[in-house]
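Engineer: no sequence for this one, just the structure:
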């Protein structure tokens with residue numbers, strides 16, 4: 001399955017892959033931020049206890065083979081909506097145990113799928129913010145056990161295909 005997370009009301013003008021099943025998560029004001037209660041680890045493993053329509057992001061991510069993120073670049077990071085979706089899906093996708101990876105302590109992944117990620121940042125992005133974004137994506141790759149490519153676009157309209 002391909003999952004597309006984006007911070008737009010629609011993706012008009014962007015060619016979306018038509019391979020297999022595609023699930024699109026568009027900007028939605030109803031998402032609540034993660035409150036770091038860790039219930040998705042201990043009370044309802046893999047499922048967030050916040051009931052706002054985004055409680056099954058961990059399970060959804062477990063079926064994902066390719067994750068495509070389209071986000072305006074905010075200070076070298078994701079837009080608030082995209083950040084919320086990623087925060088709400090990270091803990092449910094991981095286990096509450098520890099493992100050492102590259103000499104660092106991380107949580108092992110809950111599901112066995114391997115995810116390749118493509119991140120498309122858009123906007124007027126200074127070089128320093130591009131460098132910050134690259135470091136963020138590198139850290140996300142390690143934490144979320146995925147491969148990732150990063151693309152920078154001057155505007156959303158420059159994104160023709162993902």
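Structural biologist: Yep, it's here. What you see is a predicted model; the values in this text were computed from it and never measured.

Engineer: From here on, just use CA atoms for contacts and neighbour counts.
Structural biologist: Fine.

Engineer: Just after the strand or helix carrying residue 5, pick out the following helix or strand.
Structural biologist: Element membership for residue 5, per DSSP states H and E: strand 2-6. Per DSSP H and E, the first helix or strand lying C-terminal to strand 2-6 is strand 22-25.

Engineer: For the following helix or strand past that following strand, name the packing helices and strands.
Structural biologist: Later in the chain than strand 22-25, the nearest helix or strand by DSSP H and E is helix 39-42. When contacts are defined as 3 or more CA pairs under 8 Å, 6 or more residues apart in numbering; DSSP states H and E, helix 39-42 packs onto helix 80-93.

Engineer: Please name every helix or strand in contact with the strand holding residue 5.
Structural biologist: Using 3+ CA pairs under 8 Å, 6+ apart, strand 2-6 is in contact with strand 22-25, strand 66-72, helix 80-93.

Engineer: Ramachandran angles for residue 65?
Structural biologist: Backbone geometry at residue 65, expressed as degrees, to the nearest 10, gives phi -110, psi -30.

Engineer: And the pLDDT for residue 144?
Structural biologist: Listed pLDDT for residue 144 reads 81.

Engineer: Identify the residues contacting residue 83.
Structural biologist: Neighbour list for residue 83: empty [criterion: CA atoms under 8 Å, 6 or more residues apart in numbering].

Engineer: Same question for residue 58.
Structural biologist: 46-48, 88-93 are the contacts of residue 58 under CA under 8 Å, 6+ apart.

Engineer: what about burial for the residues you listed, which qualify?
Structural biologist: Buried by 16 or more other CA atoms under 10 Å: 46-48, 88-93, out of the contacts of residue 58.

Engineer: okay, those in a markdown table with distance to residue 102 and pLDDT next?
Structural biologist: A markdown table is the format used below for the buried ones among the contacts of residue 58 (distance: CA to CA, whole Å; pLDDT from 0 to 100):
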| residue | distance to residue 102 | pLDDT |
| --- | --- | --- |
| 46 | 25 | 91 |
| 47 | 28 | 93 |
| 48 | 29 | 94 |
| 88 | 25 | 94 |
| 89 | 23 | 92 |
| 90 | 20 | 89 |
| 91 | 20 | 89 |
| 92 | 22 | 91 |
| 93 | 20 | 90 |
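
Engineer: What score does the residue of the chain positioned farthest from its centre have for pLDDT?
Structural biologist: Farthest-out residue of the chain from its mean C-alpha position, per CA atoms, centre = their mean: residue 103, at 24.2 Å. Listed pLDDT for residue 103 reads 91.
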